[in-house]
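[1] Quick check, what structure comes out for this input:
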Amino acid sequence: MARTAKDYSIVTLKGIAMGAADVIPGVSGGTIAFISGIYGELLNSIKSINLVTLKLLLTGKFAEFWKAVNGTFLLSLVTGIAISIISLAKGLKYLLDNYPILVWSFFFGLVVASTIYVARTITKWNWGTVASGIAGIIIAYIITVITPAEANTTYWFIFLSGAIAICAMILPGISGSFILVLLGMYKFILEAVGNLELAVIFTFIGGAAIGIISFSNVLSWLLKKYHNLTIALLSGFMIGSLNKVWPWKEVVKTFTDRHGEIKPLIEENILPGTYEQITANQSFIFEAIALATFGFVLIFVIENIANRLKK
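    Predicted structure coming up:
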């Protein structure tokens, strides 16, 4: 079915939502794509960028290439993602620096609801899907307790970070931003986007382009051949990642960044009421519960709107 300009504007709005999720450690743009009903089309469109379609481009058959890769859909989506990331980068960094408990509480509610949504797409539960889900929980939990590295700002590592992070960004439940946290590159990339450091941005995008084209074929094959096992694994990843998204944390180790600022390196989860950081000596329990609830409900509101748009 041919899309109208209105349809593509809706795709752009979905891209904006994906971009907002992609800058949040612990929340995946892939989850938003899944919920909004464009995940399959996104994977297939990315997968269509191959040697055959690139040959069309290189031989000057631009119209055929654009149609083959679903170009208008991808352009509309990428435009929305870019708008969101560029506009939110500085604001999100400010909120995370000044209101971490409230921000992470909202994210916590988002991840819990997203887990339920994704798990509901499993058509048959058996020992295999249960084992796959448990494996996902264990793997994600282990990843969340790995000590993050400090930023390596060489261009080859920026390129590699883009390739790795983008693979996570298109997975429902796996946050590319969180992978950047583990690589020690999250704040560095966020600052580069906020300050429009084009050399860093384009190097990162180059890595992301190579990574997403390569990985989309693997993921598409897994979802086609082993749908329930793959979705169960992704759901487990989301549950395991809740350890990282827990709002109340205490810094136990810091590091000095390239600007000479002291930043947290290792944090431990603590219970509300025992939060002792100098910069935030309140637990914000009621506010945190309210924001977590809002985040939880928001996912199902988005799902309801997406279902109506499909009709």
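[2] Would you agree residue 31 is in contact with residue 118?
    Yes: counting by Cβ atoms under 8 Å, residue 31 does reach residue 118; the two are 6.8 Å apart. Bear in mind the C-beta positions are built from the backbone N, C-alpha and C, glycine included.
[3] Comparing those two, which residue is more hemmed in?
    Per other Cβ atoms under 10 Å, whichever of residue 31 and residue 118 has more neighbours is residue 31, with 28 against 22.
[4] mind checking how far the more buried one is from residue 21?
    Separation of residue 31 from residue 21 (Cβ to Cβ, to the nearest Å) stands at 7 Å.
[5] Check residue 38 too.
    Applying Cβ to Cβ, one obtains 13 Å for the distance of residue 38 from residue 21.
[6] Name all residues that make contact with residue 293.
    By Cβ atoms under 8 Å, 6 or more residues apart in numbering, residue 293 lies in contact with residue 109.
[7] go again using 10 Å as the cut-off
    Contacts were defined as Cβ atoms under 10 Å, 6 or more residues apart in numbering; by that measure residue 293 touches 105, 106, 109, 113.
[8] Could you do residue 219 as well?
    When contacts are taken as Cβ under 10 Å, 6+ apart, residue 219 is in contact with 30, 43, 46, 47, 167, 170, 171, 212, 230, 234.
[9] quick one: which helix or strand includes the last one?
    Using DSSP states H and E, residue 234 maps to helix 227-245.
[10] in that helix, what counts as buried?
    By neighbour count, with 16 or more other Cβ atoms under 10 Å as the criterion, the buried positions of helix 227-245 are 228-245.
[11] same question, stretch 132-151
    Result for stretch 132-151 [16+ other Cβ under 10 Å]: buried residues 132, 133, 135, 136, 137, 140, 141, 143, 144, 148, 151.
[12] any idea which of the residues you listed is closest to residue 269?
    Within the buried residues of stretch 132-151, the smallest distance to residue 269 is 9.8 Å, found for residue 144 (Cβ to Cβ).
[13] Just the pLDDT at the closest one, thanks.
    Taken from the predicted model, the pLDDT recorded for residue 144 is 72.
[14] Now it: closest residue in space, sequence neighbours ignored.
    Nearest-residue entry for residue 144: residue 244, 4.0 Å, with adjacent residues in sequence omitted and distances by Cβ to Cβ, 6 or more residues apart in numbering.
[15] What separation is there between the one you found and residue 267?
    Relative to residue 267, residue 244 is positioned 9 Å away (Cβ to Cβ).
[16] what do you get for residue 2?
    In this structure, residue 2 and residue 267 are 50 Å apart, going by Cβ to Cβ.
[17] tally of neighbours for residue 81?
    Residue 81 sits with 23 neighbouring residues when counted by other Cβ under 10 Å.
[18] since we're on the residue nearest to residue 170 when sequence neighbours are not counted, how many residues are nearby?
    Distances taken as Cβ to Cβ, 6+ apart put residue 30 closest to residue 170, at 4.6 Å, once the chain neighbours are dropped. Neighbours of residue 30 under the rule other Cβ under 10 Å: 28.
[19] Next, residue 30: phi, psi?
    Taking degrees, to the nearest 10, you get phi -60, psi -40 for the backbone angles of residue 30.
[20] circling back: between residue 2 and residue 267, which is the more surrounded one?
    Neighbours per residue, other Cβ under 10 Å: of residue 2 and residue 267, the larger number sits with residue 267, 18 against 4.
[21] Show me what that one is bridged to.
    Going by DSSP bridges, residue 267 is paired in beta bridges with residue 251.
[22] ok, it to residue 108 distance?
    Using Cβ to Cβ, residue 267 is found at 15 Å from residue 108.
[23] what's the answer for residue 185, then?
    Distance check for residue 185 against residue 108: by Cβ to Cβ, it reads 23 Å.
[24] These two: which has the busier surroundings?
    residue 185 (27 against 22).
[25] residue ranges for the helices of the protein, please.
    Secondary structure of the chain (DSSP state H): helices at 5-22, 29-35, 39-47, 51-58, 62-68, 71-98, 100-119, 127-145, 155-169, 176-183, 186-194, 198-225, 227-245, 285-310.
[26] Surely residue 213 touches residue 220?
    No: with contact defined as Cβ atoms under 10 Å, residue 213 and residue 220 do not form a contacting pair (11.5 Å).
[27] Which neighbours do those two have in common?
    Shared contacts of residue 213 and residue 220 (Cβ under 10 Å, 6+ apart): 46, 47.
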